[in-house]
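> Sequence and predicted model, in that order:
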Amino acid sequence: MPQSPFNLQVQNTQVEGRIVIALERIAQAFRVLLWSEGKAHALSPVQVQILIFLLYQPVERRTVSLLADAFNLTKATLSDSVKVLEKKRLVKRLPKQDLRSHTLELTTKGRELAMQSAVFTQEIQNPINKLSQAEKESMLLGLLDIIYHLNQQGIISIQRMCYSCMHYKANFKGHPHYCRLLNQQLRQADIRIDCPEYSSVFSA
Ligand code: SF4
């Protein structure tokens, strides 16, 4: 049976356990910051996340299904949040060409609010800004490994990262990381976590 990182004896003798607890504290900070951002606008945390998603993601990804997938929620839960945002006139539905489905679009008011809220993570980023480039790259690689593992275990559904992309190749043409679509090496700092060119289907 694995040892719990919450056991202080384990935690204080193993760096791995302390890293897990540190990630838990950061997850807590995300929740607190997101909650306080929502409270300032009378929105729930997920409603704030929906507005930010709609602000930056391309039109073809602005659907209830993809949003539900991105936030690991059911379509029904996501739809309820979208209905509230529609009532508040922050989001509107636009029918797709086939008229059987629709995409979501921010209203002018929704866009303004989304832009304000999109920097709710600033206090998490401030100490990261102070790290050296090597420390940032090492942190990024470690976090990407954890995210990829969680994705492979079916715990989170995030998909658009290099490690799960069909264009990605490790140790290729003498480079540790390579993108066959861009046909170039990826430096550690270039490895993407949400890439618009991501593909789960090999097309080369
Ligand atoms: S297409 Fe994007 S996600 Fe895929 S390997 Fe290239 S940079 Fe990474």
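Looks like it came in fine.
> confidence score at the residue nearest to residue 172 when sequence neighbours are not counted?
Using C-beta to C-beta, 6 or more residues apart in numbering and skipping the chain neighbours, the partner closest in space to residue 172 is residue 178 (3.9 Å). (C-beta placed from N, C-alpha, C; glycine too.) Confidence per residue is given as pLDDT, and for residue 178 that number is 96.
> Please look at residue 178 and residue 162 and confirm they touch.
No - counting by C-beta atoms under 8 Å, no contact exists between residue 178 and residue 162, whose distance comes to 9.6 Å.
> wait, is the residue nearest to residue 172 part of a strand?
Yes - the assignment for residue 178 by DSSP: H, G, I helix; E, B strand; the rest coil puts it in a strand.
> about what we covered before: which neighbours do residue 178 and residue 162 share?
Between them, residue 178 and residue 162 share these contacting residues under C-beta atoms under 8 Å, 6 or more residues apart in numbering: 168, 186.
> Report the beta-bridge partner residues of the residue nearest to residue 172.
For residue 178, the beta-bridge partners are residue 169, residue 185 (DSSP bridges).
> Could you point out which residue ranges in the protein have low pLDDT?
Within the chain, the ranges that satisfy pLDDT under 70 run 98-99, 201-204.
> Strands of that one, start to end?
Counting by DSSP state E, the chain forms strands over residues 91-95, 102-106, 168-172, 175-179, 184-185, given from the N-terminal end onward.
> Now render those as a markdown table, adding mean neighbour count and distance to residue 140.
As requested, the strands of the chain are exported to a markdown table (neighbours: other C-beta atoms under 10 Å; distance: least, C-beta to C-beta, whole Å):
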| stretch | mean neighbour count | distance to residue 140 |
| --- | --- | --- |
| strand 91-95 | 15 | 32 |
| strand 102-106 | 18 | 30 |
| strand 168-172 | 14 | 15 |
| strand 175-179 | 17 | 12 |
| strand 184-185 | 13 | 16 |
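> which bits of this structure sit near the ligand?
162, 165, 167, 168, 179, 181, 182, 192, 195, 197, 198 (C-beta under 6 Å from any ligand atom).
> So residue 85 is in contact with residue 51, correct?
Yes - at 7.1 Å, residue 85 and residue 51 qualify as touching, with contact defined as C-beta under 8 Å.
> who has more neighbours, the two?
Legend: neighbour count by other C-beta atoms under 10 Å for residue 85 and residue 51, higher for residue 51 (27 against 23).
> what sits against the nearest residue to the more buried one once chain neighbours are set aside?
Of all residues not flanking residue 51 in the chain, residue 114 sits nearest, at 3.9 Å (C-beta to C-beta, 6+ apart). Taking C-beta under 8 Å, 6+ apart as the definition of contact, the neighbours of residue 114 are 51, 52, 54, 55, 106.
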